[in-house]
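*Asks:* Sequence first, then the predicted structure, then my questions.
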Amino acid sequence: MCVEWLPRYAPELNDIEHAWRDLKRHFLAHQTFRDLDHLDRAIHAAVTDLNNERQSKTCANLRIAA
């Protein structure tokens, strides 16, 4: 038997943790969902909005060096 040590839990190294935090705090906060279908649609819309926001921030930070 070989014991392999795994790294400790480090949410700052896992990008999905940042995405879930942003979704919960900014896109899905203070809402009540009627059913799972409504929640599912809200999550899909929130992920789309989050992706668009991140893409626009990335593009805004790009510049051409002379």
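*Replies:* Thanks, I have it.

*Asks:* Any buried residues in whichever helix in the chain runs longest, and which?
*Replies:* Identified as the longest helix of the chain according to DSSP state H is helix 36-61. Buried residues in helix 36-61, counted by 16 or more other C-beta atoms under 10 Å: residue 46. Placement of C-beta: from N, CA and C, glycine included.

*Asks:* likewise stretch 12-32?
*Replies:* Within stretch 12-32, the residues that count as buried by 16+ other C-beta under 10 Å are 22-23, 27-28.

*Asks:* Packing partners of the longest helix of the chain?
*Replies:* Identification of packing neighbours for helix 36-61 by 3 or more C-beta pairs under 8 Å, 6 or more residues apart in numbering; DSSP states H and E yields helix 15-22.

*Asks:* Measure how the helix it packs on sits relative to helix 36-61, angle-wise.
*Replies:* Between helix 15-22 and helix 36-61, the angle comes out at 110 degrees (axes from the mean of the first three to the mean of the last three C-alpha atoms, to 10 degrees).

*Asks:* What pLDDT is listed against residue 64?
*Replies:* Model confidence at residue 64, given as pLDDT, is 69.

*Asks:* before we move on, the earlier item: how far is the longest helix of the chain from where the chain is centred?
*Replies:* 8 Å (C-alpha atoms, centre = their mean, to the nearest Å).

*Asks:* ditto for stretch 22-40
*Replies:* Taking mean C-alpha positions (C-alpha atoms, centre = their mean), stretch 22-40 and its chain are 14 Å apart.

*Asks:* Appreciated, that's everything.
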